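> Sequence and predicted model, in that order:
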Amino acid sequence: MTTMRLDDLRQYSDVLRSRHGEAVTVRFVEARDAEALQNYFRALSTRSRYNRFLGAASELPPSELDRFIHVGEADRFSVVATIMIDGRETIVGEARYAFDSESASIEFGLSIDDRWQGHGIGKALLNNLECRAASFGAERVFGDTLRSNDAMIALARKSGYAFTNTPGDWRLTRFQKEIQERANVKPQEIPCASWRLAAVSPSAMSSLAV
């Protein structure tokens, strides 16, 4: 299990680029993000919310919102993708992922603001999640989505994921990918902060510390 300095979450932030060159910051959710995150989900189209939550929902229930903003509890993590718009940090995407040490795997789900779909943010965020998974020593990443979620299926397929049936739910399909080790890659060449920090100081990444 990767240790993270949860009192200094910003050091795990990454700056990605959209298809059109906009700077997209991916960072861990903080308690101060609760209202903005809820507003983000409320602003998603009905279809996007249905795809994200695998069913009808108008917003995150309070208990689930609380889990979203407490990073690291039960080995679960939430990140937001933000862009500066008119001088304000604006959430344009989010993802939640969980590490299972027994199977050495990361399970994740993500969404992108409808207005920002088609800008390459989903692909950039997915690549970032794979890098974050590597920091845990994960061997596999996977997610489940509705068989009708053409956008997520297309994104996963283009990103090299294999597909299989989701155990116990005929409505869903599972997409999964093996994590490739980069044994000879220098830390400064690793494309996300979480894995770079783990590579530089493995001893500091052995257990969670708040």
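The structure has been received and is ready for your questions. Numbers count the residues shown, from 1 in each chain.

> quick one: average pLDDT of stretch 20-38?
For stretch 20-38, mean pLDDT rounds to 96.

> what's in contact with that stretch?
Applying CB atoms under 8 Å, 6 or more residues apart in numbering, the external contacts of stretch 20-38 come out as 9-10, 12-18, 59-60, 65, 68-71, 77-84, 89, 91-94, 119-121, 124-125, 128. In this view, the C-beta of every residue, glycine as well, is placed from N, C-alpha and C.

> Which among those residues count as buried?
By neighbour count, with 16 or more other CB atoms under 10 Å, those hold 9, 12, 14, 16, 18, 59-60, 65, 68-71, 77-83, 91-94, 119-121, 124-125, 128 as buried.

> pretty sure Val79 is in a strand, no?
Yes: looking at Val79 with DSSP: H, G, I helix; E, B strand; the rest coil, it is inside a strand.

> isn't it right up against Glu94?
Yes: contact criterion CB atoms under 8 Å: Val79 and Glu94 qualify, at 6.8 Å.

> Can I get the longest strand along the chain in CSV, CA atoms only?
In the chain, assigned by DSSP state E, the strand with the most residues is strand 88-100. In CSV, the C-alpha atoms belonging to strand 88-100 read as follows (Å, rounded to 0.1, in the frame of the first residue of the first chain):
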residue,chain,number,x,y,z
ARG,A,88,-11.7,30.7,-11.1
GLU,A,89,-10.8,27.1,-10.6
THR,A,90,-13.6,25.1,-12.2
ILE,A,91,-14.2,21.3,-11.9
VAL,A,92,-14.4,19.8,-15.4
GLY,A,93,-14.0,16.1,-14.4
GLU,A,94,-13.6,13.8,-11.5
ALA,A,95,-12.6,10.2,-10.7
ARG,A,96,-12.7,7.9,-7.7
TYR,A,97,-10.5,4.9,-7.4
ALA,A,98,-9.8,2.2,-4.8
PHE,A,99,-6.8,0.0,-4.2
ASP,A,100,-7.2,-3.7,-3.3
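
> Check Ala199 and give its pLDDT.
Turning to Ala199, the model gives it a pLDDT of 81.

> The closest residue to it other than its chain neighbours - how many residues pack around it?
Once flanking residues are discounted, Ala199 sits nearest to Pro187: 4.3 Å by CB to CB, 6 or more residues apart in numbering. Other residues lying near Pro187 total 12 when counted by other CB atoms under 10 Å.

> Against Gln180, how distant is Pro187?
Separation of Pro187 from Gln180 (CB to CB, to the nearest Å) stands at 17 Å.
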